[in-house]
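[1] okay, sequence plus prediction incoming.
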Amino acid sequence: MSTIAAPAPSRVRLPLLAIVAVAAAIGFYFALGPFWDWALYRAVGLPRGTRWADAVHFFCFDTTKIAALLVSIIFVVRVLRSFLSVERTRALLGGRREGLGNVAAAGLGVATPFCSCSAVPAFIGFVAAGVPLGVTLSFLIASPMVNEIAVVLLYGLFGFRIAALYVGSGLVIAIVAGAILGRLRLERFVEPFVLQAAGQASTPGVPEPQPSWSERFELGREEVRSILGRIWPYLLAGIALGAAIHGWVPADFFARYAGPSNPLAVPFAVVLGVPLYSNAAGVLPLVEALHAKGLAMGTLLAFMMSVVALSLPEMVLLRRVLRPKLLAAFVAVVAGGILATGFLFNAVL
Amino acid sequence: MSQVKVLGSGCPNCRRLTGLTEQALAELGRPEQVEKVTDYAQIAAYGVLATPALVVGERVVMAGRIPGLDSLKAALAEQLAPAA
């Protein structure tokens, strides 16, 4: 399928362009801090150290920094992910046993290009291909929880260690929760229509896409446009709220009420995350500001996981394929994992 | 029955693909209407694992992505029989 309107760059120009683009992105990223210091405090003459000036600085700096991170990472990740597809993943998972299958499913959940809005057709397709229930659920938990946006923003805002902890615990939750749910033998609580639909589904289905390089880059551009187009209001709202917290909430405010020693902080954060419909991009600027005011990291990671993996819209979608008992078990097991993560990190960080 | 179908549960991405497809067809000067398929059993019958998906003449052309308008026009022009 030749779908590119403009002539594709020649073989020599493509890697060269990529290197220039990466260098420009890195330069841009590190120039942002000095640039906004200069622009706001020097050129515009905002009084440094006042609340509103610092809030404006936080807003400008974070908006540009996060936008730069998101554009480059979404693009790169989508190009890399074009080597995998949901069809391929399903073929890899078909007929797997529980256990190792859960591990594979969680890993593939991270690597496969997949939007959780496709959870229902994917669930039916996985059942049709004989992927065990627990393995399918491992995939569906890992996919939204350990997504590239969350990981990259965590890395950009908090550094490597926190990002690695998040990825590690997200994978463990997906593997263990899927394994437990698989052990409970809850197959009879899958909605009956799923089995009918799975029976009629064409299982080889759509052939695996085999994109060319220019098509992979096109996919990257599409993804950037589509994700940023969808999340920018959340992103701006999150950063604005973060800026307000940054400027006006007294330092150590949260340390007093929601520090690591308060055992209710983590469950509260998890419950608070459920009705909030947002994504990592909208939540993280908020998380950054709250952390700066003394809120414990474990509590914040639990909040973030709850927002992305236990959100109400996700539950509504899963309710289409899972009967209430199975859905309740799903929520309980995932929530348990998130709680454990929060407490663990509050204890060790 | 329409030649061109968009499969998806009515999520924002599916609505965007529907709108884009209508625009692409209009710009190509094609008479086809876009039919929306929201029933999960029907979607599964196409073997689609990721929505939104575009079906032309009962063949799944793309799934799980929102193409640019140019890509979409090229794909539609390639898949649709020449207008009578």
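    Thanks, I have it. The structure presented is a predicted model; accordingly, all values stated were derived computationally and were not measured.
[2] what does chain B have sitting close to chain A?
    Proximity of chain B to chain A (Cβ under 8 Å from any Cβ of the partner chain) is limited to residues B:9, B:11-13, B:16, B:40-41, B:43-51, B:53, B:60, B:63-68, B:70-71, B:74-75, B:78. Bear in mind the C-beta positions are built from the backbone N, C-alpha and C, glycine included.
[3] and for A:Val86, the neighbour number?
    Other residues lying near A:Val86 total 27 when counted by other Cβ atoms under 10 Å in any protein chain shown.
[4] could you do A:Ala292 as well?
    15.
[5] go through chain B and flag its longest helix.
    If you go by DSSP state H, chain B has its longest helix at helix B:12-28.
[6] give me the neighbour count for the closest residue to B:Glu27 other than its chain neighbours.
    Ranked by Cβ to Cβ, 6 or more residues apart in numbering or on different chains and with sequence neighbours excluded, the top spatial neighbour of B:Glu27 is B:Lys73, at 6.4 Å. Counted by other Cβ under 10 Å, the residues lying close to B:Lys73 total 21.
[7] secondary structure element for the residue most central in space within chain B?
    Centrality entry for chain B: nearest residue to the mean C-alpha point is B:Leu54, 3.0 Å, by Cα atoms, centre = their mean. Element membership for B:Leu54, per DSSP states H and E: strand B:53-56.
[8] low pLDDT regions in the stretch 201-349 of chain A?
    Judged against pLDDT under 70, the low-scoring parts of the stretch 201-349 of chain A cover residues A:201-209, A:257-260, A:277-279.
[9] just the helices in it please.
    Using DSSP state H, counting those that start in this stretch, the helices of the stretch 201-349 of chain A run over A:213-248, A:253-258, A:265-273, A:280-292, A:297-309, A:312-319, A:324-348.
[10] one step back: tell me what the strand holding B:Leu54 is packed against?
    On a contact count with 3 or more Cβ pairs under 8 Å, 6 or more residues apart in numbering or on different chains; DSSP states H and E, strand B:53-56 meets strand B:4-7, strand B:59-63, helix B:69-79.
[11] what's the neighbour count on the residue in chain B positioned nearest to chain A?
    In chain B, the residue that lies nearest chain A is B:Gly47 (2.5 Å; Cβ to the nearest Cβ). Close neighbours of B:Gly47, defined as other Cβ under 10 Å, add up to 20.
[12] which SS state does it fall under?
    Classification of B:Gly47 using DSSP: H, G, I helix; E, B strand; the rest coil returns coil.
[13] that older thread, would you list the helices and strands packed on strand B:53-56 in CSV and tack on distance to A:Met297?
    Shown next, in CSV, are the helices and strands packed on strand B:53-56 (distance: least, Cβ to Cβ, whole Å):
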stretch, distance to A:Met297
strand B:4-7, 42
strand B:59-63, 39
helix B:69-79, 43
